[in-house]
Structure formats: structure tokens, C-alpha cells
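1. no sequence on hand, only this structure:
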């Protein structure tokens with residue numbers, strides 16, 4: 001049977017431990033995800049932009065670039081800023097409040113499989129609602145400076161004392 005990847009069920013697992021990558025990939029494949037993997041921050045960013053996954057499972061302790069740096073970059077990149085990101089780490093205490101706010105879920109290693117799957121589902125729903133939000137419309141002046149017609153000095157009314 002030919003496997004056709006579904007963009008709406010694509011996941012990226014980012015961890016430097018091959019055992020963890022394998023276990024998470026197998027778990028997500030059983031849940032119907034098309035899984036891609038990366039073992040460092042640079043390849044993870046490249047893969048995330050290439051694949052545009054529905055969810056990213058991200059470890060914080062990575063070679064070359066930390067998971068927190070990668071998290072910042074993923075949120076700053078237009079192609080990935082709305083992706084669901086679940087941090088799966090043994091070092092959750094290094095996350096600042098700002099980084100926790102940028103995540104859609106945090107799971108500590110060792111993790112419970114059912115808790116992980118629930119967190120992934122909540123993260124995907126949270127990301128979907130974020131994508132569905134309408135961006136605020138900026139107030140627009142009816143007469144922008146570039147469009148205002150300048151009146152000649154003789155046609156202007158004097159203000160103040162005459």
C-alpha cells in the first residue's frame with residue numbers, strides 16, 4: 001500500500017536522543033501522523049520550514065542550538081509561527097514564563113503516553129484556534145499624509161490672531 005503524507009497530520013520530532021526520537025516517532029505514527037525527525041536545532045528549523053508540520057515535539061537540550069533558541073526562531077518565522085509546539089524535556093525548569101507562554105504544552109520526561117497524547121491534541125486545537133483568529137485591523141486615517149492635497153498659502157485660513 002502506498003503511503004501518501006497528509007499535511008494535516010504531519011509531526012516533527014526534535015530530540016538528540018535516538019531512543020526518544022524513535023519512541024516518539026513510533027507513537028505518533030500509530031496515531032496516524034506522518035513523522036519527520038531532527039536531532040539538532042539547525043536541522044529542526046530547516047525541516048520545520050520545509051515540512052510545515054501540524055505539531056512539533058521539541059526537546060530543550062539540543063546540540064548546536066538550544067531548544068529555547070529554536071522555540072524563539074519558530075515563533076518568529078512566518079511559516080512556523082502558528083505550529084503547535086509541545087516541549088518534551090527533562091529540563092522544564094529552564095523554561096522562562098515567556099517561553100512557557102510560547103509553547104502549546106510542556107511534558108516532562110519520563111512521560112506518560114496518554115498524558116502526552118492528550119497534550120498533543122490540546123496543542124493542535126490551541127494552534128488551530130490561533131490560526132482562525134482574525135488579525136486586528138489597524139486604524140486608518142481617511143486622509144493619509146501622502147494623499148492630502150496641499151492648499152496654496154493664499155487659500156488657507158489663518159489660525160489664531162490676525
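-> Good, I have the coordinates. Because the structure is a prediction, the values reported are computed rather than measured. Numbering: from 1, shown residues only.
2. give me the contact list for whichever strand or helix holds residue 119.
-> Using DSSP states H and E, residue 119 maps to helix 113-132. Applying C-beta atoms under 8 Å, 6 or more residues apart in numbering, the contact partners of helix 113-132 are 27-28, 31, 54-55, 57, 82-86, 88, 104-107. Backbone N, C-alpha and C define where each C-beta goes, glycine included.
3. what of stretch 71-89?
-> When contacts are defined by C-beta under 8 Å, 6+ apart, stretch 71-89 is touched by residues 15, 20, 24, 45, 48-49, 52-61, 67, 95, 99, 102-109, 111, 116, 119-120, 123-124, 126-127, 130-131.
4. what mean pLDDT does it get?
-> The pLDDT scores in stretch 71-89 average 93.
5. got the buried residues for stretch 65-85?
-> Using 16 or more other C-beta atoms under 10 Å as the test for burial, stretch 65-85 gives 66-68, 70-71, 73-75, 80, 82-85.
6. what about the strands in the chain?
-> For the chain, the strands defined by DSSP state E occupy 10-14, 34-38, 55-58, 84-89, 105-108.
7. quick one, which of those is packed in tightest?
-> Of all the strands of the chain, strand 55-58 carries the top mean neighbour count, a mean of 28, counting by mean count of other C-beta atoms under 10 Å.
8. who does it touch, helix- and strand-wise?
-> Counting contacts by 3 or more C-beta pairs under 8 Å, 6 or more residues apart in numbering; DSSP states H and E, strand 55-58 packs against strand 10-14, helix 41-51, helix 67-76, strand 84-89, helix 113-132.
9. and of these, who's closest to residue 35?
-> Of all these, strand 10-14 sits nearest to residue 35, with 5.1 Å by C-beta to C-beta.
10. distance between the closest one and the chain's centre?
-> From the chain centre to the centre of strand 10-14 is a distance of 12 Å (C-alpha atoms, centre = their mean, to the nearest Å).
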